[in-house]
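Student: sequence and computational prediction follow.
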Amino acid sequence: MDGRLGLSGASPVTPETISDLVKKAHEPLDATMAFEYTEQLLTPENSRSETSSNNENASNEEKPTLRRRSTRVTRASLRGTDTETDSHVLPFDAEKSQHTVLVESLDNSAAPLGKKSRSSQLRHSIAIMESALQTETSLVQDRVDMDDHAVAPDTPVSKSSRELQPEDVPGALPPRTLRKRVEQALARDKGHSSRRESSKAKKSDGEAPTRRSSRLSLLEKVSDFAGRASSVLGKRPSGRTELDRRSSLRPRQPAALKEEFKPTEEPPTKKRRISGSEPQSKERSGSETAQEAPIFSEAIPQFKAKRWLTHGLYSGQEYTNSRPSQNRTKIARRKSLNQNQPPTQRRFLPLPMFAGERLLKTGRDFELPFDIYSPLPPGQPKPNEWRKTNKNVFVGEAGSIWRATKEEELSKCTCLPETGCDQDCQNRYMFYECDDGICGLGPACGNRNFEELKQRAKAGGKYNVGVEVIKTADRGYGVRSNRTFEPNQIIVEYTGEIITQAECEKRMRTIYKKNECYYLMYFDQNMIIDATRGSIARFVNHACEPNCRMEKWTVAGKPRMALFAGDRGIMTGEELSYDYNFDPYSLKNVQQCRCGSEKCRGILGPRPREKEQRAELRAAKLKEIADTKKANAAKRRKENALNKSRSRTTKKRGPLAPSSLKSGVKKAVSRARSAVNRATVSRKKPANEISSVAAPKNSRSTTPSKAARNPRSGGKIKLPTIKGSRAKAKTSVRVKKPAQTPRARNSKASASPTKSKVVAVNSHSPAQRRTLNSKKDVLKEARETINKGTSRNIPKAARASVISSGRSSRTKRH
Ligand SMILES: C[S@@+](CC[C@H](N)C(=O)[O-])C[C@H]1O[C@@H](n2cnc3c(N)ncnc32)[C@H](O)[C@@H]1O
């Protein structure tokens, strides 16, 4: 054989042809894949087996045999070889030995069958290419178990795949010359003649080669390759599923793959997820990336890096206190202002976008914790006699008597826009509704309940009306809510005919004589609303523990009554009630209450507690007034005494000491003297006698002075014995009362006068203070003397009666 490769009837396969093919094979992920994945392709093993069988057929039978083959492959193969290599002779000097091997191999397989044998050879070459590609691919898979990717172990394809393991290709990666690989592959091919024999035998037995498996093996490997490449970019394949998924997707987009394939570029490192993933996994992923990156640096397609959002819908979204609602509470506002700490980040992923929409479309049924709106079904029993009116109507003389509220009586609102007309609004306190005439806050004003009601009525509908008539078990009709109401929210206005008292009494005597239900309510200016013809509010029943309250407001100068929700608010379906504080007119009108409350008063009558409270309040007020009066009197007396003593001690400093001080000091001194005298007398006289002299002239107690003036008593008072009755002891107390002067008064005086006294002393000049201090000393002496005398002479029991008598006298005065 010379340097030419000439096969009779067959296109010559030259080294160049092979090298050409090999070149293509060396472009594994673009050119090869471009046709590898588009159509079914013969696997290396099949190609070889087929080629060999063809050869054998050719040699033995010497006639063409029809066999199945892929036209597309043939075309693709021939595209580069058929025309060029038909009678092509190439120099064959440098790598002669290799070519010889190839030629030998091809020679064996050559058959004088023209195109078919050529295509077989080409297939053989393709098989070589594939094996080279496989080798490269398999080498890349350093951590993937090859068994996972193998198909059935006994198929020729899998065997073929096994034959092309990296260990079979010595120094596969560094030399990487395709020529060498081709040589090795051909050598192996030669060595596998026995396998071909078996393959042939299988064929003869009618056993079809598992071509599909072979293709899958290749695809799997390539897809695994691609999967690994993508894992570097942030997606880690999760076992077979990932591989399968990839293998199903990747081959359909060879062009895109080709475009994205940038072997020289470094793969982007995986972006760190902020959503609190475990640090171990982070480290692992990092190390994996580090290991994988250099291995795949040549063959990994560069995908668009995935961007992890740190804000917005996804993980890492910052917590904030600022809610979209403008009605933020003061506390929340303060909290947000005071927060100096850095904002924490969300730990959990929120629901993805459109989750709400999906839930709406496909979501399950759900139930709210309470009904927000639930009207009664139609066909409810209705009171026939009820004539409805939603406005107050003056009837008879009422209209002419009614005094319109004067403009100046209306309160001008002083609330600020920042606060609105909240609980501190003056108009609200006085039950005046704000309007644009008296309040400039407009919509920010929170004191326009009747305006709200008007808007609701305007809008119409059951929800806006919010209430409906129901039939109760034992109280006739009633009213229930068909929606929720906020605490203190206006519910419904109480309207009817406004009549005078006289008219009301007349009706009671005549029209309503036999009625069980009354719809009369005190209104304003001694007039009454008769809601027999009135709004739905007339059906609201009484309860001793109600959930609503009836209030009278002045709206645009006119009084109006309305039912308001209580402090707890109203839930949907609740029966509304308020405390009638009922005035039954006469006993025969008294009705039994059936509200069912634990605190039920039993009858429809006025609030007894209110009466009690009022009485208590009145008593407390009276007591307070009396105390104040008493304290003032004591204060005056003390001041007088001080003034007198001051006038005496500071006689030379006339202008400094007021004249009243003189008399005060005089009195104090005289009291002190009398006390001393008394003490002396008591020492000399028996215990049950006391000198009437001790009773000062200005003593408030009349008993001693009378006794002193009584000539028959001889200026002496008969005191009760110690063991005597309490009444007698009291008498003795009365006698001693004047002797208690300053101290007793001080003890009786409440804290406030003391305080005022301190204030008065502090208001004096230093000179005055000095004078006062000297007088205080005098008084102190006097007090001590008095105390000595009393404590010595008055027995314990008598002293106790002083306190009690004092108390009793005080109680009496109250
Ligand atoms: C203003 S109407 C209320 C509506 C009335 N239930 C009806 O059917 O027309 C007041 C009357 O209802 C009855 N009523 C209201 N509350 C009641 C209660 N708690 N217990 C018994 N009767 C009550 C009394 O007859 C009362 O005179």
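Tutor: Perfect, thanks for sending it.

Student: which ones are touching the nearest residue to residue 545 once chain neighbours are set aside?
Tutor: Here the nearest residue to residue 545 in space, its sequence neighbours aside, is residue 597; by C-beta to C-beta, 6 or more residues apart in numbering that works out to 4.2 Å. The way it works is simple: take the backbone N, C-alpha and C, and place the C-beta from them, glycine included. Residues near residue 597 by C-beta atoms under 8 Å, 6 or more residues apart in numbering: 543-545.

Student: closest to residue 485 among these?
Tutor: For residue 485, the closest of the contacts of residue 597 turns out to be residue 543, at 16.1 Å, with distances computed as C-beta to C-beta.

Student: tally of neighbours for the closest one?
Tutor: Counted by other C-beta atoms under 10 Å, the residues lying close to residue 543 total 22.

Student: quick check: residue 451 vs the ligand, distance?
Tutor: Here the criterion is C-beta to the nearest ligand atom, to the nearest Å. By it, residue 451 lies 26 Å from the ligand.

Student: check whether that residue sits in a helix, strand or coil.
Tutor: Following DSSP: H, G, I helix; E, B strand; the rest coil, residue 451 is assigned to helix.

Student: check contacts around it.
Tutor: The neighbours of residue 451, taking C-beta under 8 Å, 6+ apart as the test, are 433, 435.

Student: bridging residues for residue 432?
Tutor: In this entry, residue 432 is beta-bridged to residue 554, by DSSP bridges.

Student: looks like it contacts residue 556 (just checking).
Tutor: No: shown here, residue 432 and residue 556 do not form a contact pair, counting by C-beta atoms under 8 Å, at 9.8 Å.

Student: quick one, which of these two is more surrounded?
Tutor: Of the pair residue 432 and residue 556, residue 432 is the one with more neighbours under other C-beta under 10 Å, namely 24 against 14.

Student: tell me the spacing between the more buried one and residue 479.
Tutor: For residue 432, the distance to residue 479 (C-beta to C-beta, to the nearest Å) stands at 27 Å.

Student: residue 584 too?
Tutor: Residue 584 sits 22 Å away from residue 479, taking C-beta to C-beta as the criterion.

Student: more crowded one of those two?
Tutor: A count of neighbours by other C-beta under 10 Å puts residue 479 above the other of residue 584 and residue 479, at 23 against 15.

Student: contact partners of the helix or strand where that one lies?
Tutor: Taking DSSP states H and E as the definition, residue 479 sits inside strand 477-481. Taking contacts as C-beta under 8 Å, 6+ apart, the residues outside strand 477-481 that touch it are 376, 383, 466-472, 491-492, 536-537, 539-541, 570-577.

Student: now the helix or strand that comes right after it: mean pLDDT?
Tutor: Next in sequence after strand 477-481, counting helices and strands by DSSP H and E, comes strand 490-494. Here strand 490-494 scores 97 as its mean pLDDT.

Student: these two touch, right, residue 530 and residue 500?
Tutor: No: proximity of residue 530 to residue 500 does not meet the contact threshold set by C-beta under 8 Å, at 10.6 Å.

Student: just want to know which of the two has more residues nearby.
Tutor: For the pair residue 530 and residue 500, the greater number of neighbours falls to residue 530 (24 against 21), based on other C-beta under 10 Å.

Student: how far does stretch 509-516 stretch from one end to the other?
Tutor: With C-alpha to C-alpha, to the nearest Å as the measure, the first residue of stretch 509-516 is 13 Å from its last.

Student: check which residues of that stretch are buried.
Tutor: By neighbour count, and taking 16 or more other C-beta atoms under 10 Å as the criterion, the buried residues in stretch 509-516 are residue 512.

Student: name the residues that touch that stretch?
Tutor: With C-beta under 8 Å, 6+ apart as the contact definition, stretch 509-516 has outside contacts at 476, 518, 532, 591.

Student: what's around the first one, how many residues?
Tutor: Which is residue 476. Per other C-beta under 10 Å, the neighbour tally for residue 476 reads 12.

Student: and residue 377, how close does it get to residue 462?
Tutor: When distance is defined by C-beta to C-beta, residue 377 is 12 Å away from residue 462.

Student: what's the answer for residue 388, then?
Tutor: Residue 388 sits 15 Å away from residue 462 when distances are taken as C-beta to C-beta.

Student: those two: who's more crowded?
Tutor: When residue 388 and residue 462 are compared on other C-beta under 10 Å, the one with more neighbours turns out to be residue 462, at 14 against 11.

Student: sorry, back to before: so of the contacts of stretch 509-516, which two are at opposite extremes in space?
Tutor: Of all pairs drawn from the contacts of stretch 509-516, the one with the largest separation by C-beta to C-beta is 532 and 591; the distance is 16.8 Å.

Student: who's more crowded, these two?
Tutor: Neighbours per residue, other C-beta under 10 Å: of residue 532 and residue 591, the larger number sits with residue 532, 19 against 16.

Student: the closest residue to the more buried one other than its chain neighbours: neighbouring residues, count only.
Tutor: In space, residue 532 comes closest to residue 519 once its chain neighbours are excluded; the distance is 4.8 Å by C-beta to C-beta, 6+ apart. The tally of other residues near residue 519 (other C-beta under 10 Å) stands at 19.

Student: residue contacts, residue 519?
Tutor: Contacts here follow C-beta under 8 Å, 6+ apart; on that basis residue 519 touches 496, 530-532, 534, 538.

Student: need the per-residue pLDDT for it.
Tutor: Spelled out, the predicted local distance difference test score at residue 519 is 92.

Student: can you start the count at 54 instead of 1 from here on
Tutor: That works, and once the first residue is 54, the last one we named lands at residue 572.

Student: please report how far it lies from residue 557.
Tutor: Between residue 572 and residue 557 the distance is 11 Å, computed by C-beta to C-beta.

Student: overlap in contacts, these two.
Tutor: Common contact partners of residue 572 and residue 557 (C-beta under 8 Å, 6+ apart): residue 583.

Student: follow-up on the earlier one: could you give me the average pLDDT of the strand holding residue 532?
Tutor: For strand 530-534, mean pLDDT is 96.

Student: the inter-axis angle of it versus strand 543-547?
Tutor: The directions of strand 530-534 and strand 543-547 differ by 150 degrees, with axes from the mean of the first three to the mean of the last three C-alpha atoms, to 10 degrees as the criterion.

Student: any bit of strand 530-534 sitting next to the ligand?
Tutor: Yes: applying C-beta under 6 Å from any ligand atom, one finds strand 530-534 in contact with the ligand at 530-531.

Student: and the residue of the stretch 504-653 of the chain closest to the ligand?
Tutor: The shortest separation between the stretch 504-653 of the chain and the ligand is 2.4 Å, found at residue 529 (distances taken as C-beta to the nearest ligand atom).

Student: measure how buried the nearest residue to residue 632 once chain neighbours are set aside is and give me the count.
Tutor: In space, and not counting its chain neighbours, residue 632 is closest to residue 599: 5.1 Å by C-beta to C-beta, 6+ apart. Residues lying near residue 599 (other C-beta under 10 Å) number 19.

Student: residue 599 - that's part of a strand, no?
Tutor: No: assessed by three-state DSSP, residue 599 does not belong to a strand; its assignment is coil.
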